[in-house]
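Student: Test case, fold it:
(one chain, ligands or ions: 2)
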Amino acid sequence: MMESCIFCRIIRGEIPSRKIFEDDDIVAFHDIHPAAPVHFMLIPKAHVESLAHADDTHRDVLGKMMVLAPRLAKELGLNDGFRTIVNTGRVGGQEVLHLHMHVLGGKDRLPPMLARN
Ligand code: 5GP
Ligand code: ZN
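Tutor: Ligands and ions are numbered 1, 2, ... in the order given. The predicted model follows:
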């Protein structure tokens, strides 16, 4: 599972990516199919399937990701806000089963997060 996981393979450098940041615990890289002018992802280096699989042992890395997101957003010019998204499981529409936080932004206001009925 960790062998074939796309994001684990990106972490190991087996699949190329446009990396923005890396330390012992976290990697950030641009999304291959951006949904906004700036669209990158933060992921823990340790394989965790989703936010629904996180537990107390992940508190530090999740906290680090939260604090890192605005710092990287600013470095990429998102000075007037951005959106973070963590799709989780089937209902959340998660496609890659390695926990990741999307960060999206650009010049213009993003569309509504979800259409209301
Ligand atoms: P999810 O729907 O799971 O929240 O988002 C998965 C995201 O990963 C998608 O936005 C998709 O474009 C991105 N993605 C999938 N495969 C790759 C890849 O090989 N490289 C990069 N950089 N992004 C990927
Ligand atoms: Zn993984």
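
Student: Go through the longest helix seen in the chain and flag the buried ones.
Tutor: Looking across the chain with DSSP state H, the single longest helix is helix 59-75. The neighbour-count check on helix 59-75 (16 or more other C-beta atoms under 10 Å) flags V61, L62, M65, L68, A69, L72, A73 as buried. C-beta coordinates here come from the backbone N, C-alpha and C atoms, glycine included.

Student: Put together JSON lines for those residues, with distance to ligand 2 on each row.
Tutor: JSON lines is the format used below for the buried residues of helix 59-75 (distance: C-beta to the ion, whole Å):
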{"residue": "V61", "distance to ligand 2": "13"}
{"residue": "L62", "distance to ligand 2": "15"}
{"residue": "M65", "distance to ligand 2": "15"}
{"residue": "L68", "distance to ligand 2": "19"}
{"residue": "A69", "distance to ligand 2": "19"}
{"residue": "L72", "distance to ligand 2": "20"}
{"residue": "A73", "distance to ligand 2": "23"}
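
Student: and the gap between N87 and ligand 2?
Tutor: As judged by C-beta to the ion, to the nearest Å, N87 and ligand 2 stand 15 Å apart.

Student: is it true that that residue lies in a strand?
Tutor: No. Counting by DSSP: H, G, I helix; E, B strand; the rest coil, N87 is not part of a strand but coil.

Student: right, and it touches H98 too?
Tutor: No. The pair N87 and H98 fails to qualify as a contact (C-beta atoms under 8 Å) at a distance of 11.6 Å.

Student: who's more crowded, those two?
Tutor: Comparing N87 with H98 by other C-beta atoms under 10 Å, the one with more neighbours is H98, at 22 against 17.

Student: So what touches stretch 25-40?
Tutor: Stretch 25-40 has contacts (C-beta atoms under 8 Å, 6 or more residues apart in numbering) with 10-11, 17-22, 41-46, 60-61, 64-65, 68, 72-73, 76-78, 82-83, 102-107, 110.

Student: Restricted to buried residues, select the residues you listed in ChimeraX.
Tutor: Selection of the buried residues among those in ChimeraX, burial being defined by 16+ other C-beta under 10 Å:
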select :10,11,17,20,41,42,43,44,45,61,65,68,72,73,76,78,82,83,102,103,104,105,106
